[in-house]
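A.B. asks: Everything below, folded, please.
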Amino acid sequence: MRDDSEREQDEREREREQEIAALRERLRHLGNAVAAIADFLIVMGPDGRFVRVTPEVRDVLGYEPEELTGRAPPDITHAADLPTGYERLASARSQPGPHKTDFIWRLRHKRGGWRYVSVVLLDMADEPMFGGIVALLRDVTGRVVAERELAARGALLASAHHLANLGSWRFESEPGRFECLGELLRLHGAGEHRSGAFLTLTPDEVRARLCAHVVAEDRDRVTAFFLPSARDDVSADLSISYRIDAPERGRRFFSGRRQAWPTFAGAGAGAGERPCASVLGTVQDVTEQHLRELRLREREELLSIAQQLANTGSWCVDLLTGGIEWSDQLYRIHGEDPSRGRRTPQELSTCNVHPDDEELVRDAIAQVMETGVSPPLEYRLRLTDDDGEAQLRHVYASPSQTLRNEHGTPVRVIGTVQDVSARKRSERQRERLLSELADKNAELERFTYTASHDLKSPLLTIQGFVGFIGRDLDAGELGRARADLKRVERATETMRQQLDALLELSRVGKIAGDRVPVALKPLVDEVIDQLRGVTDGATRFEVPDTLPIVRGDRLRIAAVLYNLLDNACKFMGPQLRPRVRIAATYVDGRAWVRCEVHDNGVGIEPRFHERVFDLFERLSPEDGGAGTGIGLALARRIVDVHGGRLWVESAGAGAGSTFIFTLPAEPGAEVRT
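C.D. replies: Residues are numbered from 1 along each chain as shown. From the prediction side, this is the model:
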């Protein structure tokens, strides 16, 4: 008996040892499985309390296993996660046998704060070694935080895309996959899409949707930009500009850029790999920038046109870099080609500047560089026109204006330079006209005085002899009355001649004939023939065989010659052999003709050289004085109207006189016989 009971006891001990060994083996396998999928393990009893906690809990939550044993989930679980946790526990208990369910739970760390753990629930209530719900927990705090940060960055990136009107995309030619943010489709007018959504399109969808509203002449380029083929060289960065006629948005302007990185098509690494076109790119709606640049270009063009119309250029000095910029018109004013670009201050100070003004300009530039202030400045430019002729240009630099930064520091100086050559010419012309006006006023005063004085003389004569005639008639002296009447007739004729002469003088410059080539030789001969009919014929005229050709009013020039030759004949005095010599030569590079009428008559004292040209100025009768005294004044007036001069040269009494006048030459004409 005893032997049988000992044998049974030994048999039971061996079976127990085998069960313990099998349990240990199962625990070892379970431990390996738990270690593979969890950081620590909690077993919850039927009452929901923790009946077992593995030591690894201290690495995740900072607790010792004993601190959590006997406690319940609400003690360490975030309140917001309890409903989901209990729901999952109830689900695990409601199904008999092992059951797996997993979720994310927030558990409180011993030192404060929350840890995110992934929970896997296994219903092991029927397993003697567990007898409850086994919770396998893995710390996923890092993953959750990373996912949230990634989501936040993704949202930030999507917002940035939306705010910047930017769309990004990626394309791989193998297997033909195009991925983009929804913002890209929205920008292209292909419908509204959540800007942060990442979409995948086929190449046909890219052509049909993304490129549908691209302007026709840009469409092929844009398609190739988005969908390069495997044969295309995509190693270099590529930029593109294109236009879209988007529905309800009108014409929009885009710029894009793409870059590539090497990738391979094929399954795995090895000899079967082949490179494919893989590119990443962005496009941006730059319509506002394009319109601003367009408006800026229009304003720059308007400014350039305005500067050309005003013949005004502008300059700018960067006080930080020392650089100087000129507008195109300022280069033109200085006689330079704007395309030559920026110049140094030294080059600008001598850019066709007149040598006498170079130091002045250099000092002004140096003052701008040192003080940021430029005073008003006038200087001259020495240029050459298209015909190679030297040209002097006057320019005026206005006072500068200084631009300052937000700290009040001068950073740029700007100013303008205007071509004032026309104004200078106008000022000179004005001065000349004022001088001429003063001369005319003086001449008018002399004319008024002389005319009133000389016209009064015949009237006094008429008045006096009319009285004599009355007395003669009363006395019956008919012979004396007739003689007095003859004197009245002569005085009346004298007044008529003076009035005719004044009328002729007033017409000069108002009633003018055409300016034509006038050959002086035949004209002089005609005038001499006229004089021979009214003079005694004793005067000898000496005329060269050839004389130049002038340009002017032929009748007026004939009047000049007639008055000068007639004057020479009248004032010969007691000369036994009266002689008048005519000469004419080209002067001033054949631009003018100098004519001379020389006589061997009575001569003129130097103090009377200007008086002889006054109205009604006559030499004394004993010197042969006759006529109205207006011939020389008329001749000078005619010459003045032609732009020339008339003057007299004489050493004095008995030395003869030479009257000299200038007239414009006929361009390209030769002398004429």
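
A.B. asks: Which of the helices or strands spans the residue positioned nearest the centre of the chain?
C.D. replies: When the chain is reduced to its mean C-alpha position, the nearest residue by Cα atoms, centre = their mean turns out to be E300, at 3.1 Å. When elements are assigned from DSSP states H and E, E300 belongs to helix 287-310.

A.B. asks: Just the pLDDT for A669.
C.D. replies: You'll see A669 listed with a pLDDT of 68.

A.B. asks: Check the one 4 residues further on too.
C.D. replies: Looking at T673, its pLDDT reads 54.

A.B. asks: got it, and L403?
C.D. replies: 86.

A.B. asks: tell me which residues form a beta bridge with it?
C.D. replies: R412 (DSSP bridges).

A.B. asks: My understanding was that it contacts T409; is that so?
C.D. replies: No - between L403 and T409 there is no contact under Cβ atoms under 8 Å: 10.1 Å. Using the backbone N, CA and C atoms, a C-beta is placed for each residue, glycine as well.

A.B. asks: T287 - how many residues pack around it?
C.D. replies: For T287, the neighbour count with other Cβ atoms under 10 Å is 18.

A.B. asks: Make 461 the first number, not 1, from now on.
C.D. replies: New numbering, starting at 461: the last item is T747.

A.B. asks: any idea how far A650 is from it?
C.D. replies: T747 is 17 Å from A650, where distance means Cβ to Cβ, to the nearest Å.

A.B. asks: Check I536 too.
C.D. replies: Counting by Cβ to Cβ - I536 and A650 are separated by 51 Å.

A.B. asks: Repeat that for H538.
C.D. replies: Where A650 is concerned, H538 sits at a distance of 43 Å (Cβ to Cβ).

A.B. asks: give the contact list for I922.
C.D. replies: When contacts are counted by Cβ atoms under 8 Å, 6 or more residues apart in numbering, I922 touches 948, 951-952.

A.B. asks: Select only the buried ones of the residues you listed in PyMOL?
C.D. replies: Command for PyMOL that selects the buried part of the contacts of I922, burial taken from 16 or more other Cβ atoms under 10 Å:
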select buried, resi 948+951
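
A.B. asks: what are the ranges of the helices in the stretch 1011-1133 of the chain?
C.D. replies: In the stretch 1011-1133 of the chain, the helices defined using DSSP state H, counting those that start in this stretch lie at 1014-1030, 1091-1101.

A.B. asks: Can I get these in JSON lines including distance to R840, mean neighbour count and mean pLDDT?
C.D. replies: Output for the helices of the stretch 1011-1133 of the chain, formatted as JSON lines (distance: least, Cβ to Cβ, whole Å; neighbours: other Cβ atoms under 10 Å; pLDDT from 0 to 100):
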{"stretch": "helix 1014-1030", "distance to R840": "39", "mean neighbour count": "21", "mean pLDDT": "86"}
{"stretch": "helix 1091-1101", "distance to R840": "32", "mean neighbour count": "22", "mean pLDDT": "85"}
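
A.B. asks: So for R603, which of those helices sits nearest?
C.D. replies: R603 lies closest to helix 1091-1101 among the helices of the stretch 1011-1133 of the chain, at 107.2 Å (Cβ to Cβ).

A.B. asks: can you give me the strands for the stretch 461-610 of the chain?
C.D. replies: 500-504, 510-513, 560-568, 574-584, 592-599 (DSSP state E, counting those that start in this stretch).

A.B. asks: for the stretch 661-810 of the chain, that is, sorry about that
C.D. replies: Along the stretch 661-810 of the chain, counting by DSSP E, counting those that start in this stretch, strands occupy 698-706, 710-720, 723-725, 734-736, 738-745, 772-778, 784-786.

A.B. asks: if I read this right, R872 contacts Q861, doesn't it?
C.D. replies: No - look at R872 against Q861 with Cβ under 8 Å: they stay out of range, at 9.2 Å.

A.B. asks: Specify which residue of those two has the higher count of neighbours.
C.D. replies: Legend: neighbour count by other Cβ under 10 Å for R872 and Q861, higher for R872 (18 against 12).

A.B. asks: Spit out the contact partners of that one.
C.D. replies: 776-779, 862-863.

A.B. asks: Repeat that for N771.
C.D. replies: Counted by Cβ under 8 Å, 6+ apart, N771 has contacts 789, 793, 878-879, 882.

A.B. asks: now G927
C.D. replies: With Cβ under 8 Å, 6+ apart, G927 has no contacts at all.

A.B. asks: which SSE is it in?
C.D. replies: Per DSSP H and E: helix 881-935 holds G927.

A.B. asks: one step back: the more surrounded of H538 and A650?
C.D. replies: Legend: neighbour count by other Cβ under 10 Å for H538 and A650, higher for A650 (21 against 14).

A.B. asks: give the contact list for that one.
C.D. replies: Counting by Cβ under 8 Å, 6+ apart, the residues that A650 touches are 669-670, 672-673.

A.B. asks: Quick one: buried ones out of the residues you listed?
C.D. replies: For the contacts of A650, a burial check counting by 16+ other Cβ under 10 Å picks out 670, 672-673.

A.B. asks: Next step: these restricted to helices.
C.D. replies: Among the buried ones among the contacts of A650, no residue falls in helices (DSSP state H).

A.B. asks: can you put those in CSV and add distance to I784?
C.D. replies: Shown next, in CSV, are these (distance: Cβ to Cβ, whole Å):
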residue, distance to I784
L670, 48
A672, 51
H673, 47
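
A.B. asks: quick one: the residue nearest to the centre of the chain from D1048, how far?
C.D. replies: Distance from E760 to D1048, by Cβ to Cβ: 47 Å.

A.B. asks: And R575, how close does it get to L542?
C.D. replies: According to Cβ to Cβ, R575 stands 16 Å off from L542.

A.B. asks: quick one: which of those two has more around it?
C.D. replies: The neighbour count for R575 versus L542, taken as other Cβ under 10 Å, is higher for R575 (19 against 14).

A.B. asks: ok, A1018 - contacts?
C.D. replies: 983, 986-987.

A.B. asks: Ok, A1028 next?
C.D. replies: By Cβ under 8 Å, 6+ apart, the residues touching A1028 are 999, 1040, 1057, 1059, 1061, 1117, 1119.
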